[in-house]
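Asker: missing the sequence, but the structure's below:
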């Protein structure tokens, strides 16, 4: 679908009842049409989001579906990679009985996640498994709300002798996943959802000039999605440099209005600009 068609689907529903909780946004996300590709899902998710945490959640779910297309997409997914470096929480490994043990230090949407993609160890070298978050032996604890994107639950996972069979492993050698692209996928889909959210905010804040600028960004992203967003680091950086100032303008005006969204923009408005350094480094590595 082109960008105007995606926006047109929601012209009468942009100001649908709010999603005051992660659960309510999950229901909204799951109500989106099933035939959407990851870009379209991120964009529509950004239109539906009534706060920036949900923009990130929509983007993250699209990134997961893009990088792990053969993992069951029922419910919310989380990529469990990060491990504690202090030694207090040992990392993941497969024990002598073929069971998963250890810890992962960051789980997105930890209170409502349905399925985990877990690396064996702190990198992709040990392989990945996909497993239900409620499987026996998995316990997920939840952090106190963070200052940044705090409405999204964030937690830690412990694996205590979790039974793992061959069907849980994701075979990276057969292109069934593209986990190595996740570093590009997250900023790409945050920009996709973020550009849509700015279009929503343009209407709320009566700033029609933002719509064309955000649509230009979205169309460039959709084109890049078709050609492989992980193949052109310079274009990804160029698009980020076009969107980031627009996000700053939106944030500044929303905060100045002192309305019911100002606190959200104050706390989370930097989300659309935080990937600049990583993208510049990526572009330098892949000229």
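Answerer: Nice, thanks for sending it over. Being a predicted model, the structure only gives us computed values, none of them experimental.
Asker: Report pLDDT for residue 126.
Answerer: For residue 126, the pLDDT comes out at 87.
Asker: Could you pull up the residues touching it?
Answerer: 93, 119-120 (CB atoms under 8 Å, 6 or more residues apart in numbering). Where C-beta positions appear, they are placed from N, C-alpha and C, glycine not excepted.
Asker: Can you pull up the most central residue in this structure?
Answerer: Compute the mean C-alpha point of the chain, and by CA atoms, centre = their mean the closest residue is residue 60, 1.3 Å away.
Asker: From residue 129, how far out is it?
Answerer: According to CB to CB, to the nearest Å, residue 60 and residue 129 sit 19 Å apart.
Asker: could I get the contacts of residue 126 as TSV with distance to residue 27, neighbour count and pLDDT?
Answerer: As requested, the contacts of residue 126 are arranged in TSV below (distance: CB to CB, whole Å; neighbours: other CB atoms under 10 Å; pLDDT from 0 to 100):
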residue	distance to residue 27	neighbour count	pLDDT
93	36	13	96
119	29	22	96
120	33	19	95
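Asker: which one of those residues sits closest to residue 1?
Answerer: residue 119 (33.7 Å; CB to CB).
Asker: Distance check, that closest one against residue 100.
Answerer: On the measure of CB to CB, residue 119 and residue 100 end up 11 Å apart.
Asker: next one: residue 17
Answerer: 41 Å.
Asker: These two: which is more packed in?
Answerer: residue 100 (22 against 8; other CB atoms under 10 Å).
Asker: pretty sure that one contacts residue 128?
Answerer: No. In this structure residue 100 lies outside contact range of residue 128 using CB atoms under 8 Å: 11.5 Å.
Asker: Find the residues that touch each one of these two.
Answerer: 118, 120.
Asker: show me what contacts the residue nearest to the centre of the chain?
Answerer: Contacts of residue 60 by CB under 8 Å, 6+ apart are 108-109, 186, 189.
Asker: and of those, the nearest to residue 286?
Answerer: residue 186 (16.6 Å).
Asker: Give me the spatial nearest neighbour of the closest one, chain neighbours excluded.
Answerer: With CB to CB, 6 or more residues apart in numbering as the criterion, residue 186 has its nearest non-adjacent residue at 5.1 Å, and that residue is residue 63.
Asker: try residue 268
Answerer: Closest to residue 268 by CB to CB, 6+ apart is residue 52, at 4.0 Å.
Asker: Kindly state the pLDDT recorded for the one you found?
Answerer: Here, the pLDDT recorded for residue 52 equals 98.
Asker: Likewise for residue 281?
Answerer: For residue 281, the predicted pLDDT is 95.
Asker: Could you do residue 182 as well?
Answerer: Reported pLDDT for residue 182: 95.
Asker: where does it land in three-state SS?
Answerer: helix (DSSP: H, G, I helix; E, B strand; the rest coil).
Asker: list the contacts for it?
Answerer: Per CB under 8 Å, 6+ apart, neighbours of residue 182: 63, 67, 79.
Asker: Next up, the contacts around the second one.
Answerer: Looking back up the chat, that one is residue 67. 79, 177-179, 181-182, 185.
Asker: in the stretch 101-250 of the chain, which segments are predicted with low confidence?
Answerer: For the stretch 101-250 of the chain, residues meeting the criterion pLDDT under 70 lie at 172-176.
Asker: Let me see the ranges of the strands in it.
Answerer: Counting by DSSP state E, counting those that start in this stretch, the stretch 101-250 of the chain has strands at residues 115-119, 128-132, 138-142, 154-163, 169-170.
Asker: Kindly compare burial across the ones you listed and name the winner.
Answerer: strand 115-119 (a mean of 23; mean count of other CB atoms under 10 Å).
Asker: Check which strands are paired with that strand and give the direction for each one.
Answerer: strand 77-80 (parallel), strand 128-132 (antiparallel) (DSSP bridges).
Asker: re the thing from before, please convert the contacts of residue 182 to CSV, extending it with pLDDT and distance to residue 152.
Answerer: Formatted as CSV, these follow (pLDDT from 0 to 100; distance: CB to CB, whole Å):
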residue, pLDDT, distance to residue 152
63, 97, 14
67, 95, 19
79, 98, 14
